[in-house]
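# model the following, please.
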Amino acid sequence: MNYTQTTGEKSTVKLTITFTEEEWESAINKAYIKTRGKFTVPGFRKGKAPKPVLENYYGKGVFFEEAFNALYNEHYFAILEKEKDNFTAVGEPELNVESMEEGKGVVLGAVVPVKPEVEIEKYTGLKIRKYEYNVSDEDVEKEVRRLQSGAAETAEVSDRECRKGDVVNIDFSGTVDGKKFEGGTADGYDLELGSGAFIPGFEERVEGMKIGEQRDINVTFPETYQADNLRGKAAVFAVKLNKISEKRYPELTDEFVKAHAGCETVEDYRKKTRERLEKSAANRGRDETEGSILAEIANFTKVDIPDAMIESEIDRIVQEFSYRLMYQGLKLDDYLKYTNQKMPEFRSQYVTEARRRVLSQLIIDKIIRAEGIKAEQEEIDAKIEEQAKSVDKTFEEYKKSVEPRQLEYIANDIVITKLFDFLKANNELVDGDVNEEKKSAKKKAVSEKPAENRGETPAGEKKEKAEKSTEKPVKKTTPKTAPKTAEKTAEKTVKKPTKKTAEKPTKKED
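Below you'll find the predicted structure:
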């Protein structure tokens, strides 16, 4: 066996693998021995018919698929290992038989999606938005109310309109441009008004409805909505109110917070709640700032991401979603049925998010390599020491229990922290919307240019030029061209091997 490799389009590598006639015949014989028990031929006991008899009875290619699978599994992964310094496979290859002639062996083609080359024009000296969040007394009180809400009793009411804080049971059916959309219809849905469970504006417009009342509610999906096809779209929901239940909250006392929050006093509970919210706000600000950094660097990045990487990331997103449903006692299949969605449409919602994640990881990997960022052993030991103290163990005791995967996670966490420390130190982090500043600066620059530099005619020359121009402008047209047709090929295709598949690399989570 020998092979050659060439760089293909959209981050692919073409492997051309040539097997000699002897290797091919050997694979055919092995396939015969392995599968002969599956075949029945009149006049022979099952599994006892000679190979020529089976080939004559079932066709010459009866063992081809098994033979190809065997050759693929034996050689493909060995080639990937040998070429690991040159490229990294990120998905299953597209296989086809390029040549198969009697006495000349077989040539197998494999188009492999690979990790793409990333070009970053610059990743320092940028102006990037910084995010910071403060915790107010109101935020603390909302948490207090949430604790009370968990122990609240509900009672059905029928003598008033619904209001914020009520749990209402509704039927709703949403349309965009007059057409219903996936997941926009439900009957008998329980919704707590003010919970923010629905898109902005929906819950507020339900408030004030009475039992049995029907109302059309006009809202607009946020630009950041998870479904690409609904972002920024105006929608109308036909809503019917079936039932109103009001919550009756328990009194906030020391005994209550001790029983429900493990705190000695209400004051102690409020203090710990504020500390928890402040830590959460700091983490949110950090995460969004780091996301902002990557988003800005992405504007200076060129990369051709293969579809296989996008699909793998969508797989991961769907799996994460499935896990979240499990915690709520739901299965993904049941969720899809409940929201009237098919898996392809459900997956399509996450294409943009998957691409953003993949691009971010590629940028991170590129800068880490470019800057030579790594975790030193002393830094890893310091993290282990910190974890050991949190469980009241000595460094030596705890380190013995740390598995290789945990060490990898610790090292990765250190590297990611050092990366963003570097990026924050080498870029200008500012408050407010940087994009708006850029737009304003651009408008100002254009307005300050002399008229001739902006392609405008100075006022004194307008009349003179107008008089000189007597011909009417002719509209340019582009000649139509006949669409290209794909040429038919005589290449034989092979099914993807089912025995062994290439592992999909996973992104390290910090």
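# and the strands in the stretch 351-500 of the chain, which stretches?
According to DSSP state E, counting those that start in this stretch, the stretch 351-500 of the chain carries its strands in the segments 428-430, 492-493.
# quick check: closest non-adjacent residue to the spatially most central residue of the chain.
Taking C-alpha atoms, centre = their mean as the criterion, Ala354 is the residue nearest the geometric centre of the chain, at 2.5 Å. The shortest distance from Ala354 to any non-neighbouring residue, by C-beta to C-beta, 6 or more residues apart in numbering, is to Glu313 (3.8 Å). Placement of C-beta: from N, CA and C, glycine included.
# contact partners for the one you found?
For Glu313, the set of contacting residues under the criterion of C-beta atoms under 8 Å, 6 or more residues apart in numbering consists of Ala354, Arg355, Arg357, Val358, Lys507.
# mind running it again at 6 Å?
Taking C-beta atoms under 6 Å, 6 or more residues apart in numbering as the definition of contact, the neighbours of Glu313 are Ala354, Arg357, Val358.
# nearest to Arg145, of those?
When those are ranked by distance to Arg145 (C-beta to C-beta), Arg357 comes first, at 34.8 Å.
# name the nearest residue to that closest one, ignoring sequence neighbours.
If the residues on either side of it in the chain are set aside, Arg357 comes closest to Glu313, at 5.3 Å by C-beta to C-beta, 6+ apart.
# what about that neighbour, distance to Arg347?
Remark: distance between Glu313 and Arg347 (C-beta to C-beta, to the nearest Å) = 11 Å.
# again with Glu396
Spatial separation of Glu396 from Arg347 under the definition C-beta to C-beta is 48 Å.
# packing partners for the lengthiest helix in the chain?
Within the chain, and with DSSP state H defining each element, the longest helix by residue count is helix 266-298. Counting contacts by 3 or more C-beta pairs under 6 Å, 6 or more residues apart in numbering; DSSP states H and E, helix 266-298 is packed against strand 127-129, helix 137-150, helix 254-261, helix 351-371.
# with mean pLDDT as added columns, please give those in CSV.
Conversion of the helices and strands packed on helix 266-298 to CSV gives the following (pLDDT from 0 to 100):
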stretch, mean pLDDT
strand 127-129, 96
helix 137-150, 93
helix 254-261, 95
helix 351-371, 96
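# I'd like the ones you listed laid out as a markdown table, including distance to Ile384.
As requested, the helices and strands packed on helix 266-298 are arranged in a markdown table below (distance: least, C-beta to C-beta, whole Å):
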| stretch | distance to Ile384 |
| --- | --- |
| strand 127-129 | 33 |
| helix 137-150 | 34 |
| helix 254-261 | 32 |
| helix 351-371 | 22 |
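# and Phe221, how many residues sit next to it?
Phe221 is surrounded by 20 other residues when neighbours are defined as other C-beta atoms under 10 Å.
# my guess is it contacts Leu230. True?
Yes: counting by C-beta atoms under 6 Å, a contact exists between Phe221 and Leu230, whose distance comes to 4.5 Å.
# state the phi and psi torsions of the residue nearest to Ala354.
As for Glu313, its main-chain torsions (degrees, to the nearest 10) stand at phi -70, psi -40.
# can you show me the helices along the stretch 51-200 of the chain?
In the stretch 51-200 of the chain, helices defined by DSSP state H, counting those that start in this stretch lie at 51-58, 64-82, 137-150, listed in chain order.
# where do the helices sit along the stretch 301-450 of the chain?
Under DSSP H, counting those that start in this stretch, the stretch 301-450 of the chain gives helices at 307-327, 332-338, 343-348, 351-371, 377-390, 395-401, 404-425, 434-448.
# any idea how far Asp333 is from Val318?
Here the distance between Asp333 and Val318 works out to 12 Å (C-beta to C-beta).
# do the same with Gly8
With distances taken as C-beta to C-beta, Gly8 is found 28 Å from Val318.
# neighbour count winner among those two?
When neighbours are counted by other C-beta under 10 Å, Gly8 and Val318 differ, and Val318 comes out ahead with 17 against 14.
# tell me the pLDDT at the more buried one?
If you check Val318, the pLDDT there is 96.
# on that earlier part again, in TSV, list the helices of the stretch 301-450 of the chain along with distance to Glu98.
Listed next are these as TSV, based on distance: least, C-beta to C-beta, whole Å:
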stretch	distance to Glu98
helix 307-327	21
helix 332-338	40
helix 343-348	32
helix 351-371	31
helix 377-390	49
helix 395-401	53
helix 404-425	40
helix 434-448	50
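# out of the ones you listed, which is closest to Val135?
helix 404-425 (22.4 Å).
# what about the closest one, average pLDDT?
For helix 404-425, the mean per-residue pLDDT is 96.
# now do the contacts for Val107.
With C-beta under 6 Å, 6+ apart as the criterion, the residues that contact Val107 are Thr18, Glu98, Ser99.
# could you check how many residues crowd around the first one?
What that stands for is Thr18. Burial measure for Thr18: 16 neighbouring residues, criterion other C-beta under 10 Å.
# hmm, who's touching the one helix or strand it maps to?
Counting by DSSP states H and E, the element that carries Thr18 is strand 12-19. With contacts defined as C-beta under 6 Å, 6+ apart, strand 12-19 is touched by 1-6, 8, 87, 105-114.
# burial check on Ser312, number of neighbours?
Count around Ser312 with other C-beta under 10 Å applied: 20.
# of all the helices and strands packed on helix 266-298, which lies closest to Lys51?
Between Lys51 and these, the tightest spacing by C-beta to C-beta is seen for helix 351-371, at 47.5 Å.
# how far out from the middle of the chain is that closest one?
Centre-to-centre, helix 351-371 and its host chain are 12 Å apart (C-alpha atoms, centre = their mean, to the nearest Å).
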